[in-house]
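Engineer: Have a look; sequence and predicted model below, questions after that.
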Amino acid sequence: MAAPQGGTSQPAAATEAASAPREGPKETIESLVVAFILAFVFRAFVIEAFVIPTGSMASTLYGRHGTTTCANCGWEYAYGLADPSQGRTGYISSKSISQCPNCGYGNQTSQFYDHSPAPSTEGGDRILVFKWPLDIGGDLLGPKRWDVTVFKNPHDGEENFIKRLIGLPEEVLEVLDGDVFVVPTERLSAEARAVLDRQRRFKYLLRRAQELDEEQDEARRAGQPLSARDAIGAEMPAIVAETTDLATRPLADRRLLLDELDRTLEITLKNKPAQSALWNVVYDADFPPQNHANGSRPWRSTTGQGEGHWKIMDRWFTFRGIGGRREAIELDGRPIDDFSGYNVPPSIGRGPTQNPVSDLRVRCVLTRRGGDGFVRFALSRRGRTFWATVRADGGVWLHGGRTGRFKEAERLAEDRVSPLGADRPVEVAFENVDYRLALTVSGKTVLSTHWLQPPSARAGGTGKGLLATVAEIRSDPILPAAFPPTIEAENIDLDLTHLAVERDVYYTPVQLDSMRFRQYKLGGWGTADNPIELREGEYYMLGDNSPQSADSRWWCDVGPHLRRRGEAYQLGTVPRDQLIGRAFFVYWPSGLRTDLMPVEGLRRIGWIPNVGRMRWIR
């Protein structure tokens, strides 16, 4: 039967598709242009990818590095490689030895001084950075303490830096014994704020004098006449006169300011994501050393191996002491300090001075086999020893004292958890970090307490009790622990596995060595006895690899992009408009290589995604 006149036997949709105009070259080009524009807008305002060039954020983020497995204990770790564009100091250079952070063994490694691919050379982490949250700002999306942040290098506005944001606007910050202390500026007296103003003016004058020196040197190299060079230095006499005047006041000013800060500073506690990223291995018993002659840190029984109830079998620790006396094991070997396995060992080449670290965590898996006694963990800092006790019946306690004898200790906190069931493994961790004690059982913090005296209780405080004061910390800025990490048990049979000790990041004190600053022997900005006031829109940055990080502590040179701001820019800070974004994901760690590639050069390039090392940045 014929179709009706004017009708069609095709579905309507098919007719529309058939009648749609074809896309010509003009439309294709327009689509590509729009796609490129959208890509650039996305990169400029939403998310941008960056490559980490150096190891200043190790081990959170790696720059150009090598990876090795310790020949003595089997611990895998990264070590920095020399890079001519970044300078060689602090990373593997003339010596091909790196020191294992777990056992201290010196491992043979390979070093390369250029960017040519080599089997032991791994590129820096490639990361993604959120930009729009900082652009929007506000309490929810704006810059936050402990965020890993990308910003413009104050010395070079074309270069990007990445550090951890430590200090916020409108607060005074000071790093003491590796920890960060702050106080809102509004809580300080007018006299203290006036001292901070004079200190800021003093360092601006030093900076300006240094800039004039550099400008005159450039004019001399350019062959400019003497009259032109004299014109550049015309303001130098006034700067020298004012600097000399301000330099006569520091002693009285410092006493007034530091006395007030001793009464008002409070420690900044790390949030959980940042703290988890900032733990560094001290000793992991899952990787026991074969040779103990290199300063390794094995656990040892205080009664002698094989003589008491403790038995140490490399990765496995047992205590069989039902009805017996109390006995302990302690971490033996070299002192615990802020050395990073990523850096050159201090005994090899030129390395940083090591500082003792007492912010520690002991963790293990505990399995009770019998008995109704207890296991107890001990950590010490600043002449005090703290104990965390876990009883078989579920009772838990925190104690602290100055004598190192438990019977003279003060009970600080107590609670109950589920009893230790026979043959049931339980994760236990005890930490003494940022003047806070915490006992964690089965992943839950069951006890915690602070042992830094709060500002409200510091009037006339001496720090002779159990609680520490800022004045005490300042008087002994670097103090090693009195006792090594210790574990004791009594009247119980138990096994300990996965036993490890970790240390917190330690923000290293430094001395400024730039030309005009060196003569005054100034400590780094914001370090001990040289506090920094962060004004509105100013931020303070530190690297996780503190011994080898060019960060807020060091900055004495200012690039043209900030120099023109004059005194409005303060050394040691990053202005708000120089922040780029918050780093959140490592999308391409150094790729894996394969010998299956047909060309030898391709075998040295990491083509295969290393999914196991892709990670969120905390």
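Structural biologist: Perfect, I can see it now.

Engineer: what's next to stretch 424-433, contact-wise?
Structural biologist: 270, 275, 358-368, 375, 377, 379, 381, 386, 388, 390, 420, 437-443, 497, 504 (C-beta atoms under 8 Å, 6 or more residues apart in numbering). The way it works is simple: take the backbone N, C-alpha and C, and place the C-beta from them, glycine included.

Engineer: give me the element residue 196 is part of.
Structural biologist: helix 190-221 (DSSP states H and E).

Engineer: Would you indicate which residues of that helix are buried?
Structural biologist: Using 16 or more other C-beta atoms under 10 Å as the test for burial, helix 190-221 gives 192-193, 195-196, 199-200, 202-210, 212, 216, 219.

Engineer: now stretch 466-480
Structural biologist: 466-474, 478.

Engineer: Pick the one among these closest to residue 279.
Structural biologist: Taking C-beta to C-beta as the measure, residue 478 is the one of the buried residues of stretch 466-480 closest to residue 279, at 20.8 Å.

Engineer: Would you mind listing the residues in contact with the closest one?
Structural biologist: 177, 355-356, 509.

Engineer: Which pair in these has the greatest spatial separation?
Structural biologist: 356 and 509 (12.4 Å).

Engineer: and these two? which has more neighbours close in?
Structural biologist: Taking neighbours as other C-beta atoms under 10 Å, residue 356 and residue 509 compare with residue 509 leading, 21 against 16.

Engineer: from what I can see that one touches residue 477, true?
Structural biologist: Yes. With contacts counted by C-beta atoms under 8 Å, residue 509 reaches residue 477, the gap being 7.1 Å.

Engineer: where do the contact lists of those two overlap?
Structural biologist: residue 528.

Engineer: re earlier: dump the contacts of residue 478 into TSV; add secondary structure as well.
Structural biologist: Converted to TSV, the contacts of residue 478 look like this (DSSP: H, G, I helix; E, B strand; the rest coil):
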residue	secondary structure
177	coil
355	coil
356	strand
509	coil
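
Engineer: Redo those residues as a markdown table? Include pLDDT and distance to residue 188.
Structural biologist: Compiled in a markdown table, the contacts of residue 478 are given as follows (pLDDT from 0 to 100; distance: C-beta to C-beta, whole Å):
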| residue | pLDDT | distance to residue 188 |
| --- | --- | --- |
| 177 | 94 | 22 |
| 355 | 91 | 28 |
| 356 | 93 | 31 |
| 509 | 91 | 23 |
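
Engineer: can you redo the residues you listed as CSV with distance to residue 429?
Structural biologist: Output for the contacts of residue 478, formatted as CSV (distance: C-beta to C-beta, whole Å):
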residue, distance to residue 429
177, 23
355, 24
356, 22
509, 29
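
Engineer: what's the burial count for residue 495?
Structural biologist: 18.

Engineer: Dig out what it forms beta bridges with.
Structural biologist: When bridges are called by DSSP bridges, residue 495 pairs up with residue 318, residue 367.

Engineer: Got phi/psi on the closest residue to residue 409 other than its chain neighbours?
Structural biologist: Nearest residue to residue 409, sequence neighbours excluded (C-beta to C-beta, 6 or more residues apart in numbering): residue 401, at 3.5 Å. Dihedral pair for residue 401: phi -160, psi 170, per degrees, to the nearest 10.

Engineer: Report the buried residues of the strand or helix carrying residue 328.
Structural biologist: Using DSSP H and E, the element containing residue 328 is strand 327-331. Residues of strand 327-331 classed as buried under the neighbour-count rule (16+ other C-beta under 10 Å) are 327-329, 331.

Engineer: Angles on the backbone of residue 563, please.
Structural biologist: Dihedral angles (degrees, to the nearest 10) for residue 563: phi -60, psi -40.

Engineer: Make sure it is actually in contact with residue 211.
Structural biologist: Yes. Using C-beta under 8 Å, residue 563 is in contact with residue 211, at 6.6 Å.

Engineer: Now do the helices in the stretch 1-150 of the chain.
Structural biologist: 12-19, 25-45, 132-136, 138-141 (DSSP state H, counting those that start in this stretch).

Engineer: brain fart, the stretch 501-618 of the chain
Structural biologist: According to DSSP H, counting those that start in this stretch, the helices that the stretch 501-618 of the chain contains are 515-518, 560-563, 600-603.

Engineer: how about residue 390, what does it touch?
Structural biologist: 366, 374-376, 396, 417, 420, 428, 439, 441.

Engineer: Could you point out the helix or strand that follows the helix or strand harbouring residue 375?
Structural biologist: Using DSSP H and E, residue 375 sits in strand 360-381. On the C-terminal side of strand 360-381, the closest following helix or strand by DSSP H and E is strand 384-391.

Engineer: ok, back up a step: from the contact counts, what lies against the helix holding residue 196?
Structural biologist: Applying 3 or more C-beta pairs under 8 Å, 6 or more residues apart in numbering; DSSP states H and E, one finds that helix 190-221 contacts helix 226-232, helix 236-247, helix 250-264, helix 515-518, strand 532-534.

Engineer: what's the closest of the ones you listed to residue 455?
Structural biologist: Going by C-beta to C-beta, the one of those nearest residue 455 is helix 250-264, 5.2 Å.

Engineer: Quick one: distance of the closest one to the chain centre.
Structural biologist: 28 Å (C-alpha atoms, centre = their mean, to the nearest Å).

Engineer: My guess is residue 256 contacts residue 195. True?
Structural biologist: Yes. With contact defined as C-beta under 8 Å, residue 256 counts as touching residue 195 (5.9 Å).

Engineer: buried set for stretch 516-524?
Structural biologist: Quick answer for stretch 516-524 (16+ other C-beta under 10 Å): 516-517, 522-524.

Engineer: what does that stretch contact?
Structural biologist: 203, 206-207, 209-210, 213, 247, 509-512, 529-530, 552-554, 556, 572.

Engineer: End to end on it, go ahead and measure it.
Structural biologist: End-to-end distance of stretch 516-524 (C-alpha to C-alpha, to the nearest Å): 14 Å.

Engineer: Strands of the stretch 351-500 of the chain, residue ranges please.
Structural biologist: Along the stretch 351-500 of the chain, the segments classed as strands by DSSP state E, counting those that start in this stretch run 360-381, 384-391, 395-401, 410-416, 425-433, 436-441, 444-450, 486-503.

Engineer: Could you pull out the buried residues of the longest one?
Structural biologist: By neighbour count with 16+ other C-beta under 10 Å, strand 360-381 contains the buried residues 360-364, 366-368, 371, 373-381.

Engineer: That strand packs against which elements?
Structural biologist: strand 384-391, strand 425-433, strand 486-503.
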